[in-house]
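> Can you look at this prediction? I've put the sequence above it.
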Amino acid sequence: MIKKIAAVAAGIVFFLISGNGALASENIYYKDYASMHADEVYEGEEMLIEAADKLVTTDKALSLSVKVEKAGLYVMGVDYRAIGDNILPTSLSMKINGSIPYEEAEHLSFSDIWKSGEKEYDRYGNESIAMPVKSDEWAFTYLRDSYFLQNDPLMVYLGEGLNTVEFTANEGKVEIKDLKLMAPVTIANDPEAVAEGDSYIQIEGESFARRNSPNIRTAAEFNSEVTPYSPYLKMQNVIDETSYRIGGNRIDYEVDVEEEGYYYLAFDYRQSSKSNFTVYRNLYVDGVIPSVSYENIPFKYSGKFTRMQREVPVYLSAGSHILSLEVALEPYGDAIRSINDIVTGVNDLALSVNKITGGNTDKYRDFDLDEYGLDVSGKLTDWADKTSKLYEELAAMDSYGKKNGEIKLLDTASKSLAMLAEKPNDLPKKIDVFSYGDSSVRQYLTTVSENLSYGNLSIDKFYLYKKDAKLPSKPGLLSRASNDIRHFVASFTQGDYAPGYDDSDTLEIWVNRPRQYLEIIQRMADTDFTEKTGIKVNLSIVPDQQKLILANASGKAPDGAIGIASGYVYDLALRNALADMRQFDNFKEVGRRFAPGMLIPGVCDEGIYAIPETFNFYVLFYRSDIFEKLGLEVPDNMDEVRDLLPELGRMGMGFNSHVANLPTKTFAATAPFIFQNGGDIFSGDMGTVRLDSEEVIDGLKYLTENFTVYDMDYEILSFYQSFRDGRTPIGVSDYASYNLLTNAAPELNGCWEIAPYPGLVAEDGTVDRSTSGAAESCLIFESSEQKEAAWKFIDWWMSDEVQTEFSFTLQTTLGNEYMWNSANLNAIAAAPWSEKNKEVILEQIGWTREMPRVPGSYMIERELGNVLVNVVTANENIRTAIDNAQKRINAELARKLEEFQYVDSEGKVIKQLITPDKDLIEEWLK
């Protein structure tokens, strides 16, 4: 019986939950929270609370007043549905009576439902990864934290009388129909029955009907031990081991049972990613774990597909059932929490030590840290003991013991901590061993935490079978050898996606992308572009862009190419190899899809010879957790960055200039400071550069003084790593760092943010944030006899709809790390990225400004870089360095202008040299 309680709508509250939210008790985990109320667990009947306001978004909270007759811990369930096309995991935060009750409540998982799409094949007959389809159907969930470190639902403590429950979305949108309060549910004991009979049901691992993450995908393997298999064509036949690994990942199978009764289970699986490591899964039958043996099912390490039989009976009635397999992290949950707590302590202690020492690691400088009340020896000893105990406990969990390579670094970390504890006052001298770098204690612990948090598993198939069933055996040696030989022979005759020179009406487009990208683009072109236009397209992989130049020289150039680095465009256009895109009727409409500055690299004379395909961006990254602890303000311009440097330096920290991450100092390093200072190196006579203007000199001087006067680090090999360990808690970096921090630094979730690039302050007080941003481009060859068709393809490919679809398809089929940085502004606005971060990125894209290309641009780029290098590393006078650079540049430009017939041998102008800027591009697009 369900007891229905009237819920009073407490109004709509508009607010955003910050990184750590408002915790009722700082750093309390659910386990401790539940222990505090262990004697007050609710044991009554289920209660239903209807939601008067259904929608929950990132800026709209749902607030419900709930009255209970007895105080206690309640299991809470929610009837909900995730809406919208967002592909990032839907997550909500919850407050009880105005406070977040425990840390896990900051990120509650409300699983999305993704249905498997129809089977898809490429033009060569290979089966492709099917595109999942998001469903907005209603579902039920208990409160589960987003990291799924425990299987049991989270409970909440409600006081007697009126309580307020508030939900706000961290990501996605959710409609909530009602809440349910109930007592805990106990998993049944294993039945003492026998699965009598000889029948079995075979379920292919790749044939799941639903999943709760679009990133779970199938894979095609040429392995005759798996089914289905063909030695000639790709067939999706297993679950991709790297995609099915995150805690809470779930796949659902629809199983029709003809004969009711008890069944055993067997799995043909492979777990080859983690040597001597056991991963776990929960099995649900129609939403319920059938018995205790199907909670945390162990799958041991296996380098090849092996069969694991679970001879504990499961009762199934005749008819249709949903069998679900969920990644379980509970066996490692306590260890992960403990390790993360130690990492937090290590970070805090390192920060405290740096406040005292100012980052001084001089071996002749002594500090008495006890005078500052840090109890360094006590903390290090405690962490060493805890880490050693964790290592022993994890090693004892299964038969691999200390051979388990995924936990070995715990032993190393424990020994390092014990060594540091022997001489605690030497910690400043050994801070790199403690907290910074790839070989630090902090990094060892973080690595183990990540290892434990991923449960990679591939499934070929599984069986429901009875006691006397004869399950299929693997192919014999002769059969496997025969299939392998046939596949080997077939590999010599297959030319899928290889460059071709077809003289037919088929459009030939070369693509500088990996094969998995190409398969998706080709499928989209066949099903959309060709159907709409009647133009057939053949896409081919071009692994080396130099082949474009060779192909053009030999008369075998394709009709067009995409994914080509923007630096290649001007050299090809200068040699009349490319078609001017301004000739096409709707060029202006297409061109307005991009930031004007992105089109500059494609300009040669009065033509535009390339359309941008992707972009790069430079923004300010900062560790919000560190800035909050230190009470620091995020700088808005470079002057404020300089003001911040002494504060950081006093704690042994630094600022990352993107210049420090570039081994070769390209235009991306030097041009922004010239532009931001109002400089223009082409303001003089045609064919010469003016580096001696005050604006250019001041811009380059500002750049070099960042390193010579303000002591910014001139070389930082990995901003990603130094940002993770906190040594560089703020800095400018690009799209690659954004992708890494988003997808490869789970320990920093909620601990970092981005802000606009801190540019130079103009005379009117505004901040000029001009930076480079060009990445890859699309182009058409002048030799093509199908220029109009090639233009239609590029128009289609770079359209809002197609770029948005490709972005979603890429992330849903290949994983969230495959973020598509489309140059199309509307497409990037709709991309499945963090909404808050997209606002910053879109603002920065508008500041994109590239250095114009001219004959001999390589010399300009090289010499500007040399000015920077010589002033910073050789202490050369900046005006001398600039004067020498200008002479060398102008000499080379004069030679190149004559070579390409801009001037004659006497320097007389034959044709004008166009040096475009954003204003000219905007004029051309009117």
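In hand now; what should we look at?

> Residue 149: neighbouring residues, count only.
26 (other C-beta atoms under 10 Å). C-betas here are computed from N, CA, C, even on glycine.

> Please name the residues that touch it.
Residues near residue 149 by C-beta atoms under 8 Å, 6 or more residues apart in numbering: 247, 329-330, 332-333, 336-337.

> 7 Å instead?
Neighbour list for residue 149: 247, 329-330, 333, 336-337 [criterion: C-beta atoms under 7 Å, 6 or more residues apart in numbering].

> Adding distance to residue 450, secondary structure and pLDDT, write these out as CSV.
Shown next, in CSV, are those (distance: C-beta to C-beta, whole Å; DSSP: H, G, I helix; E, B strand; the rest coil; pLDDT from 0 to 100):
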residue, distance to residue 450, secondary structure, pLDDT
247, 12, coil, 95
329, 12, coil, 97
330, 17, helix, 96
333, 14, helix, 94
336, 9, helix, 95
337, 14, helix, 93
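
> Which one of those residues is nearest to residue 294?
Residue 294 lies nearest to residue 330 out of the contacts of residue 149, by C-beta to C-beta, at 13.2 Å.

> Tell me which residues touch the closest one, please.
Contacts of residue 330 by C-beta under 7 Å, 6+ apart are 149-151, 296.

> try 6 Å this time
Residue 330 makes contact with 150-151, 296, according to C-beta atoms under 6 Å, 6 or more residues apart in numbering.

> Would you mind giving those as a markdown table with secondary structure, pLDDT and neighbour count added?
What follows is these, written out as a markdown table (DSSP: H, G, I helix; E, B strand; the rest coil; pLDDT from 0 to 100; neighbours: other C-beta atoms under 10 Å):
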| residue | secondary structure | pLDDT | neighbour count |
| --- | --- | --- | --- |
| 150 | coil | 94 | 20 |
| 151 | coil | 95 | 18 |
| 296 | coil | 97 | 17 |
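
> I'd like those residues written out as a markdown table, with distance to residue 381 added.
Formatted as a markdown table, the contacts of residue 330 follow (distance: C-beta to C-beta, whole Å):
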| residue | distance to residue 381 |
| --- | --- |
| 150 | 29 |
| 151 | 34 |
| 296 | 33 |
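
> which one of those sits closest to residue 417?
Using C-beta to C-beta, residue 150 comes nearest to residue 417 of these, at 27.4 Å.

> So the closest one sits against residue 332, correct?
No - using C-beta atoms under 6 Å, residue 150 is not in contact with residue 332, being 10.6 Å away.

> Relative to residue 474, which of the contacts of residue 330 is nearest.
The closest of the contacts of residue 330, once distances to residue 474 are taken by C-beta to C-beta, is residue 296, at 27.5 Å.

> Pop out the phi and psi values for that closest one.
Torsion angles at residue 296 (phi, psi; degrees, to the nearest 10) stand at phi 60, psi 50.

> Please apply the same query to residue 575.
Torsion angles, degrees, to the nearest 10, at residue 575: phi -100, psi 20.

> Let me know the helix or strand that residue 351 is in.
helix 330-357 (DSSP states H and E).

> Return the list of helices and strands in contact with the helix or strand following that helix.
Next helix or strand after helix 330-357 toward the C-terminus (DSSP H and E): helix 376-395. Under the contact definition 3 or more C-beta pairs under 6 Å, 6 or more residues apart in numbering; DSSP states H and E, helix 376-395 sits against helix 330-357, helix 408-422.

> mind checking the longest strand of this structure?
Longest among the strand segments of the chain by residue count, using DSSP state E, is strand 302-316.

> Which other helices and strands does it contact?
Against strand 302-316 (3+ C-beta pairs under 6 Å, 6+ apart) you get strand 261-271.

> who's in contact with the following helix or strand past the strand it packs on?
Counting by DSSP H and E, the next helix or strand C-terminal to strand 261-271 is strand 279-285. By C-beta under 6 Å, 6+ apart, the residues outside strand 279-285 that reach it are 271, 294-299, 323-326, 328, 331, 455, 457.

> Drop anything exposed from those residues.
Among the contacts of strand 279-285, those that count as buried by neighbour count (16 or more other C-beta atoms under 10 Å) are 271, 294-297, 299, 323-326, 328, 331, 455, 457.

> Could you dump the helices and strands packed on helix 376-395 into CSV with distance to residue 159 added?
Shown next, in CSV, are the helices and strands packed on helix 376-395 (distance: least, C-beta to C-beta, whole Å):
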stretch, distance to residue 159
helix 330-357, 27
helix 408-422, 41
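
> Spell out the residue ranges of the helices in the stretch 401-550 of the chain.
Applying DSSP state H, counting those that start in this stretch to the stretch 401-550 of the chain gives helices spanning 408-422, 431-434, 441-453, 477-490, 515-524, 530-533, 546-553.

> Minimum distance to residue 37: which of these has it?
Closest among the helices of the stretch 401-550 of the chain, using C-beta to C-beta: helix 441-453, at 27.8 Å.

> Show me what the closest one is packed against.
Helices and strands touching helix 441-453, by 3+ C-beta pairs under 6 Å, 6+ apart, are helix 330-357, helix 408-422.

> now the angle from the last one to helix 330-357?
When you say that, I think you mean helix 408-422. Calculated by axes from the mean of the first three to the mean of the last three C-alpha atoms, to 10 degrees, helix 408-422 forms an angle of 30 degrees with helix 330-357.

> Just the buried residues of helix 408-422, please?
408-414, 416-418, 420-421.

> Also stretch 806-824?
806-816, 818-824.

> Can you list which of those are found in helices?
806-814 (DSSP state H).

> with these in mind, which one is nearest to residue 772?
Each of those was checked against residue 772 using C-beta to C-beta; the closest is residue 807, at 22.2 Å.

> what comes into contact with stretch 455-467?
195-205, 226, 238-239, 241, 244-245, 263-264, 266-271, 273, 279, 299, 305, 327, 471.

> The residues you listed, buried ones only, as a ChimeraX selection?
In ChimeraX, this line selects whichever of these come out buried by 16+ other C-beta under 10 Å:
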select :195,200,201,203,204,205,226,238,239,241,244,245,263,264,266,267,268,269,270,271,273,279,299,305,327
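
> right, and the helix or strand after the helix or strand of the chain with the lowest mean pLDDT?
One helix or strand of the chain scores below all others by mean pLDDT, DSSP states H and E: strand 8-9, with a mean of 32. Counting by DSSP H and E, the next helix or strand C-terminal to strand 8-9 is helix 30-36.

> which helices and strands sit right next to that following helix?
Secondary elements touching helix 30-36 (3+ C-beta pairs under 6 Å, 6+ apart): none.

> picking up where we left off before, Serialize the ones in helices among the buried residues of stretch 806-824 to a markdown table and add fields for distance to residue 917 and pLDDT.
Output for these, formatted as a markdown table (distance: C-beta to C-beta, whole Å; pLDDT from 0 to 100):
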| residue | distance to residue 917 | pLDDT |
| --- | --- | --- |
| 806 | 31 | 96 |
| 807 | 30 | 95 |
| 808 | 35 | 93 |
| 809 | 36 | 92 |
| 810 | 33 | 93 |
| 811 | 35 | 91 |
| 812 | 39 | 88 |
| 813 | 40 | 86 |
| 814 | 38 | 89 |
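
> nearest to residue 753, of these?
residue 811 (21.4 Å).

> Show the contacting residues for residue 405.
Residue 405 touches 275-276, counting by C-beta under 6 Å, 6+ apart.

> In a markdown table, list the buried residues of helix 408-422 along with distance to residue 670 and pLDDT.
Listed next are the buried residues of helix 408-422 as a markdown table, based on distance: C-beta to C-beta, whole Å; pLDDT from 0 to 100:
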| residue | distance to residue 670 | pLDDT |
| --- | --- | --- |
| 408 | 45 | 93 |
| 409 | 41 | 95 |
| 410 | 46 | 96 |
| 411 | 48 | 95 |
| 412 | 43 | 96 |
| 413 | 42 | 96 |
| 414 | 47 | 97 |
| 416 | 42 | 96 |
| 417 | 45 | 97 |
| 418 | 49 | 96 |
| 420 | 43 | 95 |
| 421 | 48 | 95 |
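
> Since that was my last question, I'll sign off now.
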